Each structure stands twice: as structure tokens, then as C-alpha cells.
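>>> Generate a structure from the sequence data that follows.
(2 chains)
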Amino acid sequence: MSDSTRSGGGASGIALPMLVLAAVLVAVGFVLPSGQAAGHGKHARRPAVALSAIGAPVRLVVPSVGIDAPVVPIETSTDGVLTPPADVDTAGWWQRSAEPGARRGQVLVTGHTVHDGDGSMDAMGEVQAGDRVRLRRGGKTALYRTTAVTVYSKAEVAERATKLFGQDRGHGRLVLVTCTDWNGEDYESNIIVFAEPVRRA
Amino acid sequence: MRNLRRLGALSGVTVLALMAMGPALAADIVSRSSANALTIAIAGNGQGSGTVTATHDGKHESVQGDTAPPVHLLGGQQLLSAGVLAQEATASADSDGVGSSAACAGIAGQGGSVAQIGDSSCLRPGQPIGLTFANLDLSNLVVFDENTPLAPLNQATNPAIEQAVGPLTQQISQAVTQQAGNGGIFGGSLGAVESRCTSTADGAGGTTTIVDGRIGAGFGGQNVDLLDFPVHPAPNTRLVTDLDKVVGLFLDAVRRDLNNTLDGQAAPLAAAIDPIQEQIVDAAIGQIAPQLKPLEENVLSATLNAQTRPTVDSIRVTAIHLEVLPAASAQLGAPLAQADLANVTCGPNGQVTRTSQPLPAVPTVIDSGTEGGSGWVGDYALVAGALVLAGAGGLIAYRRFTARP
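From the prediction side, this is the model:
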């Protein structure tokens, strides 16, 4: 009897805190409004849309396809290869491209498409012209509207690299890039989404 | 003669140029070495086993040359009869771009072999290999030649010769000249001779190993050992020629030659030679003994483990540097015969200049696809699953606990 009592007491010692924790989490979930709900509120505040460059972005959001990924600066190799961060959940901003909100150059952001899933830009192929894209840093947001979704082979990307990613053009447009056309061993093409800045006073 | 001069000039210029250009080449070459088993020049004809050179540019090693040239390629010479030649050179750079180099060269007798790279030596000794400077022309070195460093012998011998042999002096001179010109042989044998060097950031060093090495002379069918080589000679070891033996052997040969060529008719001359020899050996050599070094330089010069260091991190090692009749330089412009056995050079080395390469203006490849995810989502899912299981287990335990009467 005494053994049974001790055993039961031990189980309750684990279960009770778990239940309390679950209850607290549920309550918090009910009490706290979600971001989306906040946006629908009558008096909800709009995010501050940057009128100038916001600096290196730290988050990429494409609400229409569920992309919401942290962003870190990245750089090309000496032979011109730009590789997103090793953490496939994180996107990379080419640190020599324009900063989001800038009026000159092009903002280049790339993220992984993972064949098995869970890549930060797996859903890039679902993006459609007119979708909104946000790049955030702190309390600032640079807002874009997609204008075109294209697919280029790797060779075409190399051939058009200056036009696609050159910083002497673009007037601050956003270029999102990931891979596509999995051939069983490698990706043969890039999906490139172009987006124009939405500037609101 | 012209070829000999050209060979010497070319070799010297090449070595000096490489050494001098070392710093200038540092940007391209971070380490270098070379190996040459044998270079000889006899009677104006220079030849050798070729040179293996190794260089490293910080990324790749480049080795050129034949590392195991066959002896038969050394045609037209009698210095080496058979054996194994080895010449290995390597150059490298470590992960920090610091260069280092090593080289090994040598000669082994018949049955010898090239050791595995990485062994302490690059050669395994074989049977002693013959070294022969055949048909050495000593006609200009006879005791009667006033133009040689042996001229002091004349002062001791002329009166005796004049008195003893009188009208036959010319015949004796001819016999001596004939003996010296046709029968004089400098030669020897080697089991193996090898030089090695290394050059690293800590400096350069080199060693020489000689197995069963000796040099001798032969006149009229008789041989005498002149030089016995130490196994591990100290750097720049000069060997002294035993002139007493040379002169004695030389005169013995002359005496036999006179007996033979005059067919007994001049046999009495042999008796006349004895006092001459006695005077020469006992009196003249005694005068010459204090001047042994300059005489050595004019008969046979041997330097073992000859080392020069052009820079702190470079070295040149020659196991055996031989010059026969260096006195002939006055007439020939170079020693009558010279040989450099087992030559290696290491360094100078440098370090790769890590210049940051310019980045391209734009990326040309965006490598943004992988087969499998390495992100943390899967880990989070596992944690969440574990929490759910733990929660479920806790809930079941709680129900069992509360259901107890």
C-alpha cells in the first residue's frame, strides 16, 4: 500500500505541473489576440512602412504563401556563388545589395528550397503577382508588391546575373530567389520573384 | 674545353640566378628543391644525370626531371661503370602557406636500390661501384715539367739525373712521359654516396653519407689507395692527397717501364733510378710537405659534404666534389676532370601571400536548394511530440491517482 501511494504521488508530481502549464498556455492563447486579429481591428495600427532604407533586414514575410523567416546577411564566394544560410529555415540577404526601402539598387534575398520540405522558401513557387512581401528590421518594415514570378535555368541566371542582381539598376526593387526543378540529385533552375516597393507616406 | 666552360658557366649562372631570384619569386613559388645524382666533366665534355626540380606555388607541387635516370644514359664516360642513380626532390606548403622542401640524391653500386620515399635515405647500398678517371693525361705533371707545382722536385733531382743518367736523360723523360700519359689512372670505388637536405621555416640543413668509398691511383698495374672516405663527413671536409704514395708509385712504374721498353739493354738504368727515387722521395717530398695544401690543390682535390648556404633557409650539399689536376686550369681553363656526386639544393622558401581575392560584382550562381532539411523544425517537432506524450502520460497517471478509492 505504501508503495502504491508513493508511486501515485510521484506521477501526480509530474502530471500536475504539466496540466497547470497546459492550462496556462490555453488561457494565454484565449486571452492574447493574434497578430492577424489585431490587423483586422478597427483601431489596429498599421506597421510603419519605411520611406527610406531600414538597414539589413532581419525578417521576411510573404503572408499569401506562409513564408515567415528570419533573415541574416550573406555574401558571395569569390567565384560568384551565393548560398543561403546553412539553417534552411533562415533566409539570406546579400549584404552588398540594396537595403530594404532604398530607392536605388536591388534588394536580393534568397532562401532554401528543401526537397524534403521545411525550407524557408519552399512555397516561393506559389507566389503570384500582386502578393505582398514585407522585410522587417526592428519596428520598421519595407513593403513590396510582387510584379513577376519567373523561372530561369542556372545557366540563364549566370548569363543574366548583372541584369537580375546588378546594383546600378532596379530602383530599390526586391528580388527573391530560391531553387526549383529538382532532378533527383540537384536543382536545375531558380525561381525569381520580383517585387516593387510600395511607398506610402 | 669550350663545352666544359659552357657547362660550368651555365650551371653557375643557373644556381646563382635561382638563388638570387628567390625573393622575387616568392610571390609565385613558396618552396623549391633540386636533386642531381652526378655531374661530371672530363676532357672538356660535361654531362650528368640531369636534375630533378620541385617547386610549390602554395596550391600545387610541380616536379620535373627523371628521378631514376639509368646509368647507361651517361654514355661516353668511364667514371661510372654500373649502378643506380637516384635523385628525388619535393616541395610543399602547409595549411598556413609556409613552404618547405627536401631533396635526396645519390649513387649506389650494382645491386643497390632506391629506397621508399619517406625513408631516412633514398638509396640502399649495393656492390662497390667503380669510379675511374681513365687514361688521365699526366704528361704535364711529370717531374721535369717546370710549369707544374712539382717543379721543386727538379731542383732536387736535376743534378742527380744529370750525373747518373747523362745522355739517357731524354729517354728517361720519354719513358716517364709515356708512363704518366698512358698508364696513370685515378679511380676508386663507392658502395653508395648520398646527400640529403631539408629546408623549413626553422632553417636549412643537409647531410652526406658515404658507404665504402675510396679513391686510388694506379700506375703500371699497381694501385694504391689515396683517399678513404669517412661515412659521415663533417661539412666541407677536405681530403689530403697522399703525395708520398703517388710519387713512389709513379717512380716504381717508371722503373718497370724502363726495364720493359729498353728490353734489358737499359737495365742498368734501373739502378740509376733508385737513388733518384730516394732523393725525390726523401729530399724533395720533405721540402714539399709544408706546402701540402697547394700541392693537393694541384693534383687531386676532394671535398666531402660540401655545403654552401646562400640564405638562412637555403642550402646546397654535394656529397663528393672531386677535381683531378686542378692545376690544369691554367692551361685548360678548368680542372682536367671534375665530378660532383650527389648534389641537392633546398630552399629558399617563402610563404603564400594571402591576398583577398576580389568578390564578383554580382552573384552568378544562387545555390538555394538542398535535398534534405537540416533546420530545427524537425527538432522542434520531436520536442513537441515528447511534450505531448509526457502530458498524456501525466494525465493518465493523474486520472488513475484520482480514481483511487
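
>>> How about the stretch 201-350 of chain B: which residue is closest to chain A?
residue B:350 (22.5 Å; CB to the nearest CB). The C-beta positions use only the backbone N, C-alpha and C, and glycine is treated the same way.

>>> Pretty sure that residue sits against residue B:31.
Yes: Residue B:350 lies in contact with residue B:31 (CB atoms under 8 Å); the separation is 7.3 Å.

>>> about what we covered before: neighbours of the residue of the stretch 201-350 of chain B closest to chain A, just the number please.
For residue B:350, the neighbour count with other CB atoms under 10 Å in any protein chain shown is 23.

>>> So what does it have for phi and psi?
The phi/psi pair for residue B:350 (degrees, to the nearest 10) reads phi -150, psi -160.

>>> For it, give me the pLDDT.
Residue B:350 is assigned 84 on the pLDDT scale.

>>> Between residue B:350 and residue B:31, which contacts overlap?
Listed as contacting both residue B:350 and residue B:31 by CB atoms under 8 Å, 6 or more residues apart in numbering or on different chains are residue B:99.

>>> From one end of stretch B:305-323 to the other, what's the distance?
14 Å (CA to CA, to the nearest Å).

>>> next one: stretch B:68-88
8 Å.

>>> Is residue B:209 bridged to anything, and to what?
Residues in a beta bridge with residue B:209, per DSSP bridges, are residue B:194.

>>> how about it, what does it touch?
B:121, B:192, B:193, B:194, B:195, B:231, B:232, B:319.

>>> Let me know the distance separating it from residue B:87.
According to CB to CB, to the nearest Å, residue B:209 stands 15 Å off from residue B:87.

>>> try residue B:93
Distance of residue B:93 to residue B:87, computed by CB to CB: 22 Å.

>>> These two - which one has more neighbours?
Per other CB under 10 Å, whichever of residue B:93 and residue B:87 has more neighbours is residue B:87, with 30 against 23.

>>> Give the rounded mean pLDDT of the host helix or strand of the more buried one.
Secondary structure assignment for residue B:87, by DSSP states H and E: strand B:84-93. Average pLDDT, strand B:84-93: 86.

>>> Which other helices and strands does that strand contact?
The contact analysis (3 or more CB pairs under 8 Å, 6 or more residues apart in numbering or on different chains; DSSP states H and E) places strand B:84-93 against strand B:31-42, strand B:52-56, strand B:61-64, strand B:99-108, strand B:113-114.

>>> Least confident of those strands, on average?
Ranked by mean pLDDT, those bottom out at strand B:113-114, with a mean of 58.

>>> shaky segments in chain B?
Within chain B, the stretches with pLDDT under 70 are B:1-27, B:42-46, B:71-83, B:110-189, B:215-227, B:240-300, B:324-337, B:354-356, B:373-405.

>>> Sorry, wrong one. I was asking about chain A.
Residue ranges of chain A with pLDDT under 70: A:1-51, A:200-201.

>>> Please enumerate the strands of it.
A:59-62, A:67-74, A:81-82, A:91-94, A:106-110, A:113-114, A:132-137, A:140-153, A:173-182, A:187-197 (DSSP state E).

>>> quick one, which of those is nearest to residue B:51?
strand A:81-82 (42.2 Å; CB to CB).

>>> What lies in contact with the closest one?
With CB under 8 Å, 6+ apart as the test, strand A:81-82 has contacts from A:74, A:75, A:76, A:92, A:94, A:108, A:110, B:363, B:364, B:365, B:366, B:367.

>>> Would you confirm that the first one contacts residue A:84?
Yes: the pair formed by residue A:74 and residue A:84 meets the contact definition of CB under 8 Å, at 6.6 Å.

>>> and for the two, which residues touch both?
Counting by CB under 8 Å, 6+ apart, the residues touching both residue A:74 and residue A:84 are A:92, A:110.
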